[in-house]
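Participant: predicted model and sequence follow; I will ask about them next.
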Amino acid sequence: AQRVTQPEKLLSVFKGAPVELKCNYSYSGSPELFWYVQYSRQRLQLLLRHISRESIKGFTADLNKGETSFHLKKPFAQEEDSAMYYCALNTNAGKSTFGDGTTLTVKP
Amino acid sequence: GAGVSQTPSNKVTEKGKYVELRCDPISGHTALYWYRQSLGQGPEFLIYFQGTGAADDSGLPNDRFFAVRPEGSVSTLKIQRTERGDSAVYLCASSPSADPYNEQFFGPGTRLTVL
């Protein structure tokens, strides 16, 4: 069975500081990994997916199959980045598994 | 265009009652997912549909939970004999297909409270 672990429930950084939200997964097949974000009073929405290799709002994430990780990084955090972040894994069968989320607070 | 909608936004019921939660996906999306989110946890997979059929219902916790999507669009999650432990936010998401590369588009959720 697949599993996604986000070890930090809460993460607090100052504006302009680098930020890294950790995500580890376990899955015997080839995973498709995503980061979703939920801003205050908004619905869950996609931030980025590993297949696209894109940078969204300054965030990047690299899939490390050796360490089974997909950590989310941003070099200079902004106050508007404060939100709940979820790492998710999709299997070839279409099933999705989410981590329990990390609440990021960026302090001024 | 319109996103995924869910009704009702809030539902309060008594233990033992039956409830139905509705999801309207984005038009043309063939894949539809139901999740349950308890406080402090991430979305927990319940079931997903590809078209009208349930492709994977392995996340349904027991036989009190059932979901349908008779015409391949709107879906209803049905919970019989509700229990206090069923209290959670129920999320629906849709996707153009069940291709694992696809983004899922989420609705606002239905907050279910069982007294």
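Facilitator: Received, thanks. Numbering: from 1, shown residues only, chains lettered A, B, ... in the order given.
Participant: hey, where'd the helices end up in chain B?
Facilitator: With DSSP state H applied, chain B shows no helices anywhere along its length.
Participant: quick one: strands adjacent to the helix or strand of it at the bottom of the mean pLDDT ranking?
Facilitator: In chain B, no helix or strand scores lower on mean pLDDT, DSSP states H and E than strand B:53-56, which sits at a mean of 88. Strands that pair with strand B:53-56, judged by DSSP bridges, come out as strand B:44-50 (antiparallel).
Participant: which positions within the partner strand qualify as buried?
Facilitator: B:44, B:45, B:46, B:47, B:48, B:49, B:50 (16 or more other C-beta atoms under 10 Å in any protein chain shown). C-beta coordinates here come from the backbone N, C-alpha and C atoms, glycine included.
Participant: ok, residue B:93 touching residue B:109?
Facilitator: No - when contacts are counted by C-beta atoms under 8 Å, residue B:93 is not listed as touching residue B:109 (10.2 Å).
Participant: what parts of chain B come near chain A?
Facilitator: B:3, B:31, B:33, B:35, B:40-45, B:48, B:50, B:55-56, B:58-59, B:91, B:93, B:98-101, B:103-109 (C-beta under 8 Å from any C-beta of the partner chain).
Participant: in strands, which of these appear?
Facilitator: B:31, B:33, B:35, B:44-45, B:48, B:50, B:55-56, B:91, B:93, B:105-106 (DSSP state E).
Participant: make TSV from the buried residues of strand B:44-50 and add pLDDT and distance to residue B:72 to it.
Facilitator: Formatted as TSV, these follow (pLDDT from 0 to 100; distance: C-beta to C-beta, whole Å):
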residue	pLDDT	distance to residue B:72
B:44	95	24
B:45	94	20
B:46	96	18
B:47	94	15
B:48	92	13
B:49	94	8
B:50	92	9
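Participant: what's the closest of the residues you listed to residue A:11?
Facilitator: Distances from residue A:11 to the buried residues of strand B:44-50, taken as C-beta to C-beta, are shortest for residue B:44 (22.3 Å).
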